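**Student:** compute the structure for the input listed below.
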Amino acid sequence: MSHHNNDLRADFIEALKEISTLMSIAYEQLGPLPDDHALAQAGLENGAEIVLDYVDHNEAGVAFEHLLYMINEPPLVVSDECMNVLARIAKALHKPVTVRGESIFPSFSL
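**Tutor:** Numbering: from 1, shown residues only. Take a look at the predicted model:
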C-alpha cells in the first residue's frame, strides 16, 4: 500500500471511530428493530467492516459511498471534526459530498 493509501486508510479509520460509535448507540437505544426501520437496512450494523474491506481491496470510492450511506441513511449527526475528515477523503478521491444535507466541495488542486 502506498503512503497516500495509508493516509487515506487512516482517515477512513478516524471517521469510522465516530460513525461506528454513533451507530452502536443508535442500535442500543432502539433494541429490536422493526423491518421497516432505517437501521434495519443491510450494511449498517457491520458497516465499518464493509468500508475497510473495500479500502483494503483498493475500492476507496465504493468505501466512501458506503461510509456516506452509514451517515445519511439513519441519519447520524457527526461532529465538525468528522466532517473535516470526510472532506479530506472527498478531496483525495476528487468527489463532492453531501452529508446531513450539507454539501462539501473540497477544492481539487492537483
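
**Student:** from here on, just use CA atoms for contacts and neighbour counts.
**Tutor:** Fine.

**Student:** what ranges do the strands span in the protein?
**Tutor:** According to DSSP state E, the chain carries its strands in the segments 97-99, 102-104.

**Student:** lowest average pLDDT across the ones you listed?
**Tutor:** Least confidently modelled of these is strand 102-104, at a mean of 69 by mean pLDDT.

**Student:** which of the residues in stretch 14-31 are buried?
**Tutor:** Ala15, Leu16, Ile19, Ser20, Leu22, Met23 (16 or more other C-alpha atoms under 10 Å).

**Student:** so how far is Thr98 from the third one?
**Tutor:** Think Ile19. 16 Å (C-alpha to C-alpha, to the nearest Å).

**Student:** and if you look at the second one?
**Tutor:** Leu16 sits at a distance of 17 Å from Thr98 (criterion: C-alpha to C-alpha).

**Student:** any idea how far Ala92 is from Gly43?
**Tutor:** Counting by C-alpha to C-alpha, the gap from Ala92 to Gly43 is 24 Å.

**Student:** next: Val85.
**Tutor:** 21 Å.

**Student:** ditto for Pro75
**Tutor:** For Pro75 relative to Gly43 (C-alpha to C-alpha), the value is 14 Å.

**Student:** same question for Leu76.
**Tutor:** 15 Å.

**Student:** and for Ala53, the neighbour number?
**Tutor:** Quick fix: residue 53 is Asp, not Ala. 14 (other C-alpha atoms under 10 Å).
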